[in-house]
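Asks: Model the structure of this input:
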Amino acid sequence: MITFFSVIVIGFFLGMRHATDPDHVIAISTIVSRQHGPWRAALVGAFWGIGHTLTIFVVGTAIILFNLIVPPRLGLTMELAVGLMLIVLGVWNVASLYHAIPAAAERATKMHSHAHAHGDYVHTHPHAHAPEAHPHRPEQTPLAWVDKRMSVLATHQMSRPLIVGVVHGLAGSAAVALLVLASIPNAKWAIVYLLVFGVGTIAGMMLITMSMVSAFGYVRSRSTWCTTRLAQASGVISVLFGLFLTYQILFVNGLWTHHPQWRPH
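Replies: Below is the predicted model:
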């Protein structure tokens, strides 16, 4: 007999397990490979989980309350979005690392360090005398740097995992909702299950991202070259897995045919 307590416990731990799905881990690895601290990585995982939970809860609740039927073509299209997203993330990751390596090497050969002043602000940092090699403009101050970094953190670095989580949530919402409907006849309990399931995915992805960045940090402390290659490998794997999913959806499941075959899983 299903009890309310069992709904909460099962929902939370199934949510944590859901976070370990291959497409989730591969997608988030392309983002976490650029992070340098466990708490920043945990924040990435949390934003992914929030985006995932938002769509799972909204779409799943609509399916539960209004008995909506998801057409096979729509279900396959939502899953196709995940495949295309993995391809984009992988290409983005590999391309950014490819351009960053020679630029970093060039900067390293030009840099040296001594104290200098920008108006009343005197400081020391590695730099070169060529204007294009200087790490900041004279009008920049530490406060401006902090403001800029916080802006980037809020609008760019965390928006990417949020969007990735939303796409993953759209692809999985129908399957989760249908599973809940088959197991929990009580609509209120089913909606609570969705919410707890989402909390579980947030917790699970935070643990995954923290583990990933710890592994990258361990490798980085011993070989920067290996760390770069691992980050590039995560991008290549993302592209390959995205291509595989796209092929499965378009040709094996027949999205482009008149009779698409879709079974939520």
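Asks: Skip ahead from the lowest-mean-pLDDT helix or strand in the chain and say which helix or strand is next.
Replies: When each helix and strand of the chain is scored by mean pLDDT, DSSP states H and E, helix 142-152 comes last, with a mean of 46. Tracing the chain C-terminally past helix 142-152 and defining elements by DSSP states H and E, one meets helix 159-183 next.
Asks: contacts for that next one?
Replies: For helix 159-183, contacts defined as CB atoms under 8 Å, 6 or more residues apart in numbering pick out 2, 18, 23-24, 27-28, 31, 44-45, 47-56, 58-61, 63-64, 70, 75, 78-79, 81-82, 85, 89, 190, 193-194, 197, 264-265. C-beta: built from backbone N, CA, C; applies to glycine.
Asks: Mark which of those are part of helices, please.
Replies: Among the contacts of helix 159-183, the residues falling in helices (DSSP state H) are 18, 23-24, 27-28, 31, 44-45, 47-56, 58-61, 63-64, 75, 78-79, 81-82, 85, 89, 190, 193-194, 197.
Asks: where's His36, which helix or strand?
Replies: Short version, using DSSP H and E: His36 is in no helix or strand.
Asks: hang on, isn't it packed against Gly217?
Replies: Yes. Using CB atoms under 8 Å, His36 makes contact with Gly217 at a distance of 7.2 Å.
Asks: These two - which one has more neighbours?
Replies: More crowded of His36 and Gly217, by other CB atoms under 10 Å: Gly217, with 15 against 10.
Asks: List the buried residues of the strand or helix carrying that one.
Replies: Taking DSSP H and E as the definition, Gly217 sits inside helix 187-220. For helix 187-220, the neighbour count (16 or more other CB atoms under 10 Å) marks 189-206, 208-210, 212-213, 216, 219-220 as buried.
Asks: Tally up the residues packed near Glu79, please.
Replies: Glu79: 25 surrounding residues under other CB under 10 Å.
Asks: Report the contact partners of it.
Replies: Listed by CB under 8 Å, 6+ apart, the contact partners of Glu79 are Ala171, Leu245, Ile249, Trp262.
Asks: same check, this time on Ser238
Replies: Contacts of Ser238 (CB under 8 Å, 6+ apart): Ile26, Ala27, Ser29, Thr30, Leu86, Ile87, Leu89, Gly90, Asn93.
Asks: and with 6 Å instead?
Replies: Ile26, Thr30, Leu86, Leu89, Gly90 (CB atoms under 6 Å, 6 or more residues apart in numbering).
Asks: Ala41 now?
Replies: Val32, Gln35, Thr209, Met210, Val213.
Asks: Ala171 versus the residue lying closest to Leu80 once chain neighbours are set aside, what's the distance?
Replies: Spatial nearest neighbour of Leu80, excluding adjacent residues (CB to CB, 6 or more residues apart in numbering): Ile249 at 4.7 Å. Counting by CB to CB, to the nearest Å, the gap from Ile249 to Ala171 is 10 Å.
Asks: got it, and Ala187?
Replies: From Ala187 to Ala171 the distance is 23 Å (CB to CB).
Asks: burial measure for His258, as a count.
Replies: Applying other CB under 10 Å, I find that His258 has 6 neighbouring residues.
Asks: Checking it next. Helix, strand or coil?
Replies: Three-state call for His258 (DSSP: H, G, I helix; E, B strand; the rest coil): coil.
Asks: pLDDT at it, what is it?
Replies: Here, the pLDDT recorded for His258 equals 87.
Asks: low-scoring stretches of the stretch 101-250 of the chain, by residue?
Replies: 101-157 (pLDDT under 70).
Asks: make it 90
Replies: By pLDDT under 90, the low-scoring segments of the stretch 101-250 of the chain are 101-160, 171-187, 215-232.
Asks: The residue nearest to Asn93 when sequence neighbours are not counted and Gly198: what is the separation?
Replies: Take Asn93 and drop its neighbours on the chain: the residue closest to it by CB to CB, 6+ apart is Gly235, 3.4 Å away. Gly235 is 28 Å from Gly198, where distance means CB to CB.
Asks: again, but for Leu255
Replies: Separation of Leu255 from Gly198 (CB to CB) stands at 28 Å.
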